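[1] Starting from these lines, generate the structure:
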Amino acid sequence: MQTLRSLFLSKLSSDVRLEGKTAIVTGGNTGIGKETVKDLAARGARVILACRDLAKGEKAASDIMTEVNGAKVVVRQLDLSDTKSICLFAENIYNTEKVLHYLINNAGVAICPYGKTVDGYETQFGVNHLGHFFLTFLLLDLLKHSAPSRVINLSSAAHAMGKIQFDDLNAEKDYHPVRAYAQSKLANVLFTRELAKRVEALGVMAFSVDPGMVNTEITRHIRRPLVDIAKTFSFLMRTPAEGAYTTIYCIITPDSQMLTGGFYRDCARADICWAGQDDGTALKLWAISCHMLGIRWR
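    Below is the predicted model:
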């Protein structure tokens with residue numbers, strides 16, 4: 001039987017080059033993000049690691065430059081739980097970068113205790129959805145200027161368990177970490193779907209990705225017995241490199257073979273749950289997200 005790795009590698013042509021391309025990877029200092037940076041750098045792209053912890057980001061960049069000959073990687077500070085940090089990051093990008101071809105919204109938190117972002121949003125919804133929504137809004141002009149370009153939003157199979165709780169988005173009435181995580185991952189899918197409609201004519205494509213169950217730092221809040229069981233049955237867990245494959249697929253595959261707004265898993269287009277196909281919910285989420293962030297995005 002063909003292994004997961006060989007199946008993925010058969011679809012990821014190693015001869016696709018990305019010289020002259022610039023990418024941003026949020027959370028690029030660890031896990032799936034770091035593996036994504038490593039692959040893009042090996043293909044010749046200039047990659048910006050957007051990291052909350054600059055020291056960890058610099059260490060990751062040093063590791064990548066040691067492993068990948070000629071890697072062009074830089075580190076910029078970004079805290080997705082703080083809109084001021086997101087604004088400062090975007091300002092820095094406009095001041096230092098002439099083009100942006102790929103925005104990989106990879107960073108996230110999962111199944112964590114209840115908390116709020118600097119701006120008062122429930123942590124998982126605030127970081128996983130609103131943070132990346134706002135970042136994409138701020139960088140859209142550069143993406144349009146650099147078209148053809150792409151936005152890749154990392155979601156999860158957990159989106160199928162999600163429901164957008166419009167009457168309690170901050171989970172102040174009732175909080176469950178798994179339910180809040182599933183809501184944020186469904187929000188990623190709905191955001192991608194609505195974004196794709198709005199920017200397709202501008203030369204920007206958008207995709208949401210399920211990387212699979214990956215053994216990364218994001219599992220730190222999950223009950224250890226569950227993680228240990230998954231590790232025992234290794235076929236349930238992927239390495240960070242395997243988790244990055246579908247993101248890379250959505251970057252290097254020709255436009256003609258991709259469906260903008262689509263949901264991708266295992267280097268192929270995959271089915272979205274019914275809630276993820278609800279255009280009315282996607283539009284309502286878009287409007288409420290803009291209202292929460294105090295922005296106008298037509």
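[2] Just the buried residues of the lengthiest helix in the chain, please?
    Counting residues, the longest helix found in the chain (DSSP state H) is helix 177-199. For helix 177-199, the neighbour count (16 or more other CB atoms under 10 Å) marks 177, 179-196, 199 as buried. No exception for glycine: its C-beta is placed from N, CA and C like everyone else's.
[3] by contact count, what packs against that helix?
    Packing partners of helix 177-199 (3 or more CB pairs under 8 Å, 6 or more residues apart in numbering; DSSP states H and E): helix 123-124, helix 132-145, strand 149-154, strand 204-210, helix 279-293.
[4] Mind listing the strands the fourth one pairs with, and their directions?
    The sheet places strand 204-210 alongside strand 149-154 (parallel), strand 263-265 (parallel), with pairing taken from DSSP bridges.
[5] Adding mean pLDDT, write those strands out as a markdown table.
    Below are the strands paired with strand 204-210 laid out as a markdown table (pLDDT from 0 to 100):
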| stretch | mean pLDDT |
| --- | --- |
| strand 149-154 | 98 |
| strand 263-265 | 97 |
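[6] do you know which of the ones you listed lies nearest residue 285?
    Distance to residue 285, taken as CB to CB, is lowest for strand 149-154 among the strands paired with strand 204-210, at 13.2 Å.
[7] would you put the C-alpha positions of the closest one in CSV?
    The C-alpha trace of strand 149-154 is given here as CSV (Å, rounded to 0.1, in the frame of the first residue of the first chain):
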residue,chain,number,x,y,z
SER,A,149,-1.6,35.6,-5.7
ARG,A,150,-3.1,33.3,-3.2
VAL,A,151,-4.4,33.2,0.4
ILE,A,152,-4.3,29.9,2.2
ASN,A,153,-6.2,29.5,5.5
LEU,A,154,-5.5,26.5,7.6
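[8] so residue 206 bridges to which residues?
    Bridge pairing for residue 206 - DSSP bridges - gives residue 151.
[9] With adjacent residues omitted, what lies nearest to residue 182?
    Nearest residue to residue 182, sequence neighbours excluded (CB to CB, 6 or more residues apart in numbering): residue 162, at 3.6 Å.
[10] From residue 125, how far out is the one you found?
    According to CB to CB, to the nearest Å, residue 162 stands 11 Å off from residue 125.
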